[in-house]
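Engineer: here you go, sequence then predicted model.
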Amino acid sequence: MYQVFYKKKIILLTDVIDEGKDLILFPIKDVKLKKIIKSLNKKNTNSVHLYHKNKDKLLKYFFKLIPTVIAAGGKITNSKSEVLFIFRNEKWDLPKGKAEKNEQLPQTALREVKEETGIEEVSISKPLDITYHIFRRNGEYKLKVTYWFDMFSDYKGKLFPQLDEGITDVRWIKKGDLEKVKTNSYPNIRLLF
């Protein structure tokens with residue numbers, strides 16, 4: 001099962017048919033993206049389920065419906081268990097960005113963290129989950145597939161938000177303040193905690 005986020009709503013790719021009374025279910029092989037988006041734009045709809053009996057084919061079929069953008073990013077913690085967040089578009093987010101041609105995903109994540117936050121010293125501990133979300137740019141819907149990495153840094157220097165990317169703040173968030181910050185973040189970011 002995979003969760004794809006569209007705004008605050010979910011497209012669930014599944015190999016199980018749930019018999020919920022308000023369930024919107026489409027066979028993934030036969031559905032068009034316009035129909036999915038139209039269903040999700042209805043006020044009373046929170047999710048759409050796309051079904052295929054073979055769970056290994058779900059992503060393959062979904063990727064045929066929509067152009068994809070591959071990205072990578074990091075969830076950076078320090079020795080105080082603080083997490084590094086960026087503030088963009090009135091939401092708290094984690095640093096991430098599009099992979100450049102022939103760039104390995106760990107290098108993308110490290111580069112994006114440095115560009116978006118000004119942090120100089122960061123290392124990857126391990127891979128985290130992959131998240132999926134749909135966005136619209138220039139009138140076209142795209143799927144962002146983000147590969148996340150758990151990272152560590154004890155960088156104590158000044159943080160620099162990448163203003164030309166719309167980032168207005170970069171901040172280490174204390175463990176006790178994480179819940180408040182997560183309420184003003186994206187659903188796919190909350191999945192990483």
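Structural biologist: Nice, thanks for sending it over.
Engineer: can you list the domain ranges for the chain.
Structural biologist: Domain assignment for the chain by automatic domain parsing gives 2-65, 69-190.
Engineer: deepest-packed of those, please.
Structural biologist: Of all the domains of the chain, domain 69-190 has the most neighbours on average by mean count of other C-beta atoms under 10 Å, namely a mean of 16. For every residue, glycine as well, the C-beta is placed using N, CA and C.
Engineer: in a helix, residue 143, correct?
Structural biologist: No: read with DSSP: H, G, I helix; E, B strand; the rest coil, residue 143 is strand and lies in no helix.
Engineer: tell me the contacts of it?
Structural biologist: 4, 62, 63, 66, 67, 68, 69, 132, 133, 134 (C-beta atoms under 8 Å, 6 or more residues apart in numbering).
Engineer: from residue 186, how far off is the last one?
Structural biologist: In this view, residue 134 and residue 186 are 12 Å apart by C-beta to C-beta, to the nearest Å.
Engineer: shared neighbours of those two, anything?
Structural biologist: In contact with both residue 134 and residue 186: residue 5, using C-beta under 8 Å, 6+ apart.
Engineer: for the protein, what spans make up the helices?
Structural biologist: 33-40, 58-65, 105-117, 178-183, 187-190 (DSSP state H).
Engineer: columns distance to residue 90 and mean pLDDT on top of those helices, output as a markdown table?
Structural biologist: A markdown table is the format used below for these (distance: least, C-beta to C-beta, whole Å; pLDDT from 0 to 100):
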| stretch | distance to residue 90 | mean pLDDT |
| --- | --- | --- |
| helix 33-40 | 21 | 92 |
| helix 58-65 | 29 | 93 |
| helix 105-117 | 16 | 97 |
| helix 178-183 | 13 | 95 |
| helix 187-190 | 14 | 92 |
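Engineer: looking at those helices, which is closest to residue 139?
Structural biologist: The closest of the helices of the chain to residue 139 is helix 33-40. By C-beta to C-beta, the value is 12.5 Å.
Engineer: which other helices and strands does that closest one contact?
Structural biologist: In terms of contacts (3 or more C-beta pairs under 8 Å, 6 or more residues apart in numbering; DSSP states H and E), helix 33-40 is packed against strand 9-14, strand 47-51.
Engineer: residue 70 and residue 98 touch, don't they?
Structural biologist: Yes: counting by C-beta atoms under 8 Å, residue 98 is a contact partner of residue 70 at 7.1 Å.
Engineer: need the residues touching each of these two.
Structural biologist: The contact lists of residue 70 and residue 98 share no entry, where a contact means C-beta under 8 Å, 6+ apart.
Engineer: wait, what's in contact with residue 181?
Structural biologist: The contact partners of residue 181, by C-beta under 8 Å, 6+ apart, come to 85, 92, 173.
Engineer: contacts for the lowest-mean-pLDDT helix or strand in the chain?
Structural biologist: The weakest-scoring helix or strand in the chain, judged by mean pLDDT, DSSP states H and E, is strand 25-27 (a mean of 88). Residues outside strand 25-27 that contact it (C-beta under 8 Å, 6+ apart): 17, 18, 35, 36, 48, 49, 50, 51, 52.
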